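Trainee: fold the following, please.
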Amino acid sequence: MELGYVGLEVSDPAAFGGYLADVLGLMPGRPAADQVSTWRMDDKVHRLVVESGEADDVVYAGFLVADRAEFDASVARLHDAGFDATPGSVEEITARRVEQMVYVTAPWGVRIEIARGLRDADEPFLSPLQPGGFLTGDLGMGHVVFWVSGGRAEFEAADAFVVKALGLKLSDWLEIEMGGLPVSANFYHCNGRHHSLACVFVPVPELPKKLDHIMIETVSMDNVGHAYDRALKANCSIARDLGKHPNDRMFSFYSAGPGGVQFELGADAVTVNDDWEVVRYDQISAWGHHPGGATKA
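Mentor: Numbers count the residues shown, from 1 in each chain. Predicted structure coming up:
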(Lines give C-alpha, C1' and ligand atoms only; values in the text may rest on other atoms or scores of the structure.)
Protein backbone atom coordinates (compact mmCIF):
# COMPACT_ATOMS: atom_id res chain seq x y z
CA MET A 1 0.00 0.00 0.00
CA GLU A 2 1.10 3.57 -0.62
CA LEU A 3 -0.24 7.10 -0.48
CA GLY A 4 -1.20 7.48 -4.12
CA TYR A 5 -2.94 10.83 -4.54
CA VAL A 6 -4.50 13.69 -2.59
CA GLY A 7 -7.46 15.87 -3.52
CA LEU A 8 -7.53 19.52 -2.48
CA GLU A 9 -10.08 22.33 -2.65
CA VAL A 10 -8.50 25.77 -3.08
CA SER A 11 -9.98 29.23 -3.47
CA ASP A 12 -7.56 30.43 -6.18
CA PRO A 13 -6.59 27.45 -8.36
CA ALA A 14 -4.58 29.55 -10.84
CA ALA A 15 -2.38 31.13 -8.17
CA PHE A 16 -2.08 27.83 -6.34
CA GLY A 17 -1.02 26.15 -9.57
CA GLY A 18 1.68 28.77 -9.98
CA TYR A 19 3.01 27.85 -6.53
CA LEU A 20 3.02 24.13 -7.33
CA ALA A 21 4.79 24.65 -10.66
CA ASP A 22 7.14 27.57 -10.05
CA VAL A 23 8.14 26.94 -6.42
CA LEU A 24 7.81 23.20 -5.80
CA GLY A 25 8.51 22.08 -9.36
CA LEU A 26 5.48 19.92 -10.12
CA MET A 27 4.18 19.48 -13.68
CA PRO A 28 0.57 20.13 -14.71
CA GLY A 29 -1.38 17.11 -15.85
CA ARG A 30 -4.53 16.84 -17.91
CA PRO A 31 -7.60 18.35 -16.21
CA ALA A 32 -9.79 15.71 -14.56
CA ALA A 33 -13.00 17.71 -15.11
CA ASP A 34 -14.19 21.27 -15.55
CA GLN A 35 -12.31 23.48 -13.05
CA VAL A 36 -10.39 20.45 -11.71
CA SER A 37 -6.65 20.55 -12.40
CA THR A 38 -4.18 17.75 -11.81
CA TRP A 39 -0.50 17.83 -10.94
CA ARG A 40 2.26 15.33 -11.58
CA MET A 41 5.35 14.35 -9.59
CA ASP A 42 6.44 11.29 -11.55
CA ASP A 43 5.32 9.09 -14.42
CA LYS A 44 1.85 8.59 -12.95
CA VAL A 45 -0.98 10.54 -14.57
CA HIS A 46 -1.35 12.67 -11.42
CA ARG A 47 -0.60 12.84 -7.70
CA LEU A 48 -2.54 15.97 -6.75
CA VAL A 49 -6.08 16.82 -7.85
CA VAL A 50 -7.10 20.44 -7.27
CA GLU A 51 -10.67 21.66 -7.47
CA SER A 52 -12.07 25.15 -7.02
CA GLY A 53 -13.81 25.99 -3.75
CA GLU A 54 -13.58 28.02 -0.57
CA ALA A 55 -12.24 25.38 1.83
CA ASP A 56 -8.49 25.68 1.14
CA ASP A 57 -8.21 22.22 2.66
CA VAL A 58 -7.99 18.53 1.89
CA VAL A 59 -10.99 16.81 0.30
CA TYR A 60 -9.71 13.23 0.13
CA ALA A 61 -6.58 11.10 0.32
CA GLY A 62 -6.19 8.01 -1.84
CA PHE A 63 -4.18 4.95 -0.87
CA LEU A 64 -3.14 2.64 -3.70
CA VAL A 65 -2.86 -1.13 -3.49
CA ALA A 66 -0.99 -3.38 -5.89
CA ASP A 67 -3.70 -5.64 -7.29
CA ARG A 68 -7.26 -6.93 -6.98
CA ALA A 69 -6.35 -9.40 -4.22
CA GLU A 70 -4.90 -6.64 -2.04
CA PHE A 71 -7.88 -4.43 -2.88
CA ASP A 72 -10.34 -7.10 -1.76
CA ALA A 73 -8.32 -7.73 1.40
CA SER A 74 -8.32 -3.99 2.18
CA VAL A 75 -12.10 -3.77 1.78
CA ALA A 76 -12.51 -6.82 4.03
CA ARG A 77 -10.24 -5.27 6.67
CA LEU A 78 -12.33 -2.08 6.63
CA HIS A 79 -15.48 -4.14 7.11
CA ASP A 80 -13.97 -6.17 9.95
CA ALA A 81 -13.03 -2.90 11.70
CA GLY A 82 -16.61 -1.63 11.43
CA PHE A 83 -16.28 0.53 8.30
CA ASP A 84 -18.36 -0.50 5.30
CA ALA A 85 -16.68 0.95 2.23
CA THR A 86 -18.76 2.74 -0.40
CA PRO A 87 -17.83 2.04 -4.03
CA GLY A 88 -16.76 5.08 -6.00
CA SER A 89 -19.12 6.23 -8.74
CA VAL A 90 -18.23 5.82 -12.40
CA GLU A 91 -17.60 9.57 -12.57
CA GLU A 92 -15.30 9.49 -9.53
CA ILE A 93 -13.31 6.51 -10.77
CA THR A 94 -12.91 8.18 -14.16
CA ALA A 95 -11.73 11.42 -12.53
CA ARG A 96 -9.27 9.56 -10.28
CA ARG A 97 -8.02 7.63 -13.34
CA VAL A 98 -7.98 4.37 -11.43
CA GLU A 99 -9.49 0.96 -12.19
CA GLN A 100 -11.35 0.52 -8.92
CA MET A 101 -11.97 2.63 -5.80
CA VAL A 102 -13.91 2.58 -2.55
CA TYR A 103 -14.05 5.13 0.23
CA VAL A 104 -14.84 5.64 3.89
CA THR A 105 -14.87 8.70 6.12
CA ALA A 106 -12.10 8.72 8.72
CA PRO A 107 -12.97 9.62 12.33
CA TRP A 108 -11.37 13.05 11.80
CA GLY A 109 -13.79 13.79 8.97
CA VAL A 110 -11.71 13.29 5.83
CA ARG A 111 -12.64 10.94 3.01
CA ILE A 112 -10.08 8.13 2.69
CA GLU A 113 -10.05 6.19 -0.57
CA ILE A 114 -8.59 2.77 -1.35
CA ALA A 115 -7.85 2.36 -5.05
CA ARG A 116 -5.93 0.26 -7.51
CA GLY A 117 -4.63 0.82 -11.02
CA LEU A 118 -3.67 4.50 -11.10
CA ARG A 119 -2.83 5.14 -14.73
CA ASP A 120 0.59 6.01 -16.07
CA ALA A 121 0.98 9.30 -17.91
CA ASP A 122 1.51 9.42 -21.65
CA GLU A 123 4.61 11.58 -21.28
CA PRO A 124 7.63 11.24 -18.98
CA PHE A 125 7.97 13.50 -15.95
CA LEU A 126 10.53 16.21 -16.67
CA SER A 127 10.84 19.19 -14.34
CA PRO A 128 13.70 21.65 -14.86
CA LEU A 129 13.18 22.79 -11.25
CA GLN A 130 13.58 19.28 -9.81
CA PRO A 131 16.59 17.60 -11.46
CA GLY A 132 16.22 13.87 -10.93
CA GLY A 133 12.58 14.27 -9.92
CA PHE A 134 10.75 13.24 -6.78
CA LEU A 135 11.20 10.11 -4.70
CA THR A 136 8.02 8.08 -5.25
CA GLY A 137 7.76 4.54 -6.67
CA ASP A 138 7.00 1.94 -3.99
CA LEU A 139 7.19 4.70 -1.35
CA GLY A 140 4.17 6.50 -2.78
CA MET A 141 3.81 10.24 -3.35
CA GLY A 142 4.88 11.29 0.16
CA HIS A 143 2.91 11.72 3.35
CA VAL A 144 -0.17 13.51 4.57
CA VAL A 145 -0.72 14.83 8.10
CA PHE A 146 -4.20 15.40 9.52
CA TRP A 147 -5.44 17.36 12.53
CA VAL A 148 -7.54 15.55 15.13
CA SER A 149 -9.52 17.58 17.68
CA GLY A 150 -11.84 16.79 20.58
CA GLY A 151 -10.95 14.58 23.51
CA ARG A 152 -8.55 11.71 23.99
CA ALA A 153 -11.25 9.31 22.81
CA GLU A 154 -11.22 10.98 19.38
CA PHE A 155 -7.46 10.49 19.10
CA GLU A 156 -7.78 6.85 20.13
CA ALA A 157 -10.51 6.37 17.51
CA ALA A 158 -8.23 7.89 14.88
CA ASP A 159 -5.42 5.54 15.88
CA ALA A 160 -7.70 2.51 15.77
CA PHE A 161 -8.93 3.49 12.32
CA VAL A 162 -5.43 3.86 10.88
CA VAL A 163 -4.10 0.63 12.40
CA LYS A 164 -7.11 -1.70 12.34
CA ALA A 165 -9.11 -0.41 9.37
CA LEU A 166 -6.34 0.79 7.04
CA GLY A 167 -3.68 -1.65 8.21
CA LEU A 168 -0.84 0.84 8.73
CA LYS A 169 1.81 0.37 11.43
CA LEU A 170 2.99 2.84 14.04
CA SER A 171 6.49 4.20 13.32
CA ASP A 172 6.80 6.44 16.38
CA TRP A 173 4.95 9.10 18.32
CA LEU A 174 5.51 12.63 19.55
CA GLU A 175 4.40 14.44 22.70
CA ILE A 176 5.08 18.16 23.05
CA GLU A 177 3.51 21.34 24.39
CA MET A 178 2.35 23.88 21.82
CA GLY A 179 0.69 27.16 22.74
CA GLY A 180 0.18 25.94 26.27
CA LEU A 181 -1.63 22.79 25.11
CA PRO A 182 -0.43 19.18 25.19
CA VAL A 183 -0.09 18.00 21.58
CA SER A 184 0.34 14.38 20.52
CA ALA A 185 1.18 12.99 17.10
CA ASN A 186 1.27 9.43 15.77
CA PHE A 187 3.23 8.56 12.63
CA TYR A 188 2.28 5.50 10.55
CA HIS A 189 3.92 3.58 7.71
CA CYS A 190 2.61 1.17 5.09
CA ASN A 191 5.84 0.70 3.11
CA GLY A 192 9.46 1.80 3.40
CA ARG A 193 8.57 5.47 3.83
CA HIS A 194 8.85 6.40 7.51
CA HIS A 195 5.29 7.68 7.53
CA SER A 196 2.67 7.94 4.83
CA LEU A 197 0.05 9.25 7.26
CA ALA A 198 0.21 11.04 10.59
CA CYS A 199 -2.43 12.32 13.00
CA VAL A 200 -1.78 15.36 15.21
CA PHE A 201 -4.09 15.64 18.21
CA VAL A 202 -4.90 18.97 19.84
CA PRO A 203 -7.35 18.87 22.80
CA VAL A 204 -9.71 21.59 21.58
CA PRO A 205 -13.37 21.25 20.53
CA GLU A 206 -12.73 22.02 16.86
CA LEU A 207 -9.97 23.09 14.49
CA PRO A 208 -10.43 25.25 11.38
CA LYS A 209 -8.72 22.81 8.99
CA LYS A 210 -8.44 19.05 8.53
CA LEU A 211 -5.04 19.16 6.81
CA ASP A 212 -1.81 20.08 8.53
CA HIS A 213 0.47 19.48 5.54
CA ILE A 214 1.46 17.29 2.62
CA MET A 215 5.08 16.16 2.29
CA ILE A 216 6.78 15.51 -1.02
CA GLU A 217 10.36 14.26 -1.18
CA THR A 218 12.86 15.24 -3.86
CA VAL A 219 16.05 13.35 -4.67
CA SER A 220 18.62 15.81 -3.32
CA MET A 221 19.22 18.37 -0.61
CA ASP A 222 20.28 20.80 -3.34
CA ASN A 223 16.81 20.56 -4.86
CA VAL A 224 15.34 21.45 -1.47
CA GLY A 225 17.66 24.43 -1.09
CA HIS A 226 16.90 25.79 -4.55
CA ALA A 227 13.16 25.43 -3.89
CA TYR A 228 13.60 27.29 -0.60
CA ASP A 229 15.24 30.15 -2.48
CA ARG A 230 12.37 30.16 -4.98
CA ALA A 231 9.84 30.26 -2.14
CA LEU A 232 11.58 33.28 -0.62
CA LYS A 233 11.82 35.03 -3.98
CA ALA A 234 8.11 34.38 -4.64
CA ASN A 235 7.28 35.86 -1.21
CA CYS A 236 5.63 32.62 -0.11
CA SER A 237 4.57 32.15 3.46
CA ILE A 238 7.35 30.13 5.10
CA ALA A 239 5.74 28.12 7.88
CA ARG A 240 9.04 26.57 8.98
CA ASP A 241 12.48 27.28 7.57
CA LEU A 242 15.14 24.71 6.72
CA GLY A 243 15.62 22.05 9.36
CA LYS A 244 15.77 18.33 10.10
CA HIS A 245 13.31 16.05 11.87
CA PRO A 246 14.66 13.54 14.40
CA ASN A 247 12.19 10.77 13.57
CA ASP A 248 12.29 10.44 9.77
CA ARG A 249 15.62 12.36 9.47
CA MET A 250 14.05 14.51 6.76
CA PHE A 251 15.88 17.68 5.70
CA SER A 252 13.10 20.04 4.69
CA PHE A 253 11.20 23.29 4.88
CA TYR A 254 7.50 24.12 5.04
CA SER A 255 5.78 26.66 2.83
CA ALA A 256 2.19 27.49 2.00
CA GLY A 257 0.59 28.25 -1.31
CA PRO A 258 -2.14 30.84 -1.86
CA GLY A 259 -4.99 30.01 0.50
CA GLY A 260 -2.69 28.49 3.10
CA VAL A 261 -2.43 24.83 2.07
CA GLN A 262 0.94 23.80 3.44
CA PHE A 263 3.62 21.62 1.85
CA GLU A 264 6.79 20.17 3.30
CA LEU A 265 9.49 19.68 0.67
CA GLY A 266 12.27 17.41 1.86
CA ALA A 267 15.10 15.05 1.00
CA ASP A 268 17.37 12.42 2.50
CA ALA A 269 14.81 10.75 4.78
CA VAL A 270 15.35 7.38 6.43
CA THR A 271 13.40 4.31 5.32
CA VAL A 272 11.87 1.72 7.65
CA ASN A 273 11.61 -2.06 7.60
CA ASP A 274 10.17 -4.86 9.72
CA ASP A 275 12.93 -4.38 12.31
CA TRP A 276 12.03 -0.72 12.91
CA GLU A 277 11.71 0.12 16.60
CA VAL A 278 8.95 2.48 17.75
CA VAL A 279 10.31 5.47 19.67
CA ARG A 280 8.72 8.36 21.56
CA TYR A 281 9.96 11.88 20.70
CA ASP A 282 9.62 15.13 22.61
CA GLN A 283 10.73 17.55 19.90
CA ILE A 284 9.54 18.23 16.36
CA SER A 285 12.95 19.06 14.93
CA ALA A 286 16.55 18.13 15.69
CA TRP A 287 17.54 21.57 14.43
CA GLY A 288 16.03 24.39 12.41
CA HIS A 289 12.41 24.44 11.23
CA HIS A 290 11.98 27.78 12.97
CA PRO A 291 8.63 29.46 12.29
CA GLY A 292 9.16 32.19 9.72
CA GLY A 293 7.31 34.68 7.57
CA ALA A 294 7.70 35.62 3.95
CA THR A 295 11.06 37.22 3.23
CA LYS A 296 12.44 38.56 0.01
CA ALA A 297 15.59 36.78 -1.11
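Trainee: show me where the stretch 1-150 of the chain has its strands.
Mentor: Assigned by DSSP state E, counting those that start in this stretch, the stretch 1-150 of the chain shows strands spanning 2-10, 27-28, 36-40, 48-52, 57-65, 86-87, 100-105, 111-116, 143-148.
Trainee: with mean neighbour count added, can I get these in JSON lines?
Mentor: To be clear about C-beta, it is placed using only N, CA and C from the backbone, and glycine gets the same treatment. Formatted as JSON lines, the strands of the stretch 1-150 of the chain follow (neighbours: other CB atoms under 10 Å):
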{"stretch": "strand 2-10", "mean neighbour count": "23"}
{"stretch": "strand 27-28", "mean neighbour count": "18"}
{"stretch": "strand 36-40", "mean neighbour count": "21"}
{"stretch": "strand 48-52", "mean neighbour count": "21"}
{"stretch": "strand 57-65", "mean neighbour count": "22"}
{"stretch": "strand 86-87", "mean neighbour count": "12"}
{"stretch": "strand 100-105", "mean neighbour count": "19"}
{"stretch": "strand 111-116", "mean neighbour count": "22"}
{"stretch": "strand 143-148", "mean neighbour count": "23"}
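Trainee: distance of Ala85 from Ser74?
Mentor: According to CB to CB, to the nearest Å, Ala85 and Ser74 sit 8 Å apart.
Trainee: what touches both of these two?
Mentor: By CB atoms under 8 Å, 6 or more residues apart in numbering, Ala85 and Ser74 have these common neighbours: Ile114.
Trainee: strands along the stretch 151-297 of the chain, start to end?
Mentor: 169-178, 181-189, 197-201, 211-217, 237-244, 251-256, 262-267, 279-281, 287-288.
Trainee: would you format the ones you listed as TSV with mean pLDDT, mean neighbour count and distance to Val6 included?
Mentor: Listed next are those as TSV, based on pLDDT from 0 to 100; neighbours: other CB atoms under 10 Å; distance: least, CB to CB, whole Å:
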stretch	mean pLDDT	mean neighbour count	distance to Val6
strand 169-178	96	16	20
strand 181-189	98	19	16
strand 197-201	99	24	11
strand 211-217	99	23	6
strand 237-244	97	18	18
strand 251-256	98	23	15
strand 262-267	99	23	11
strand 279-281	96	12	25
strand 287-288	97	13	26
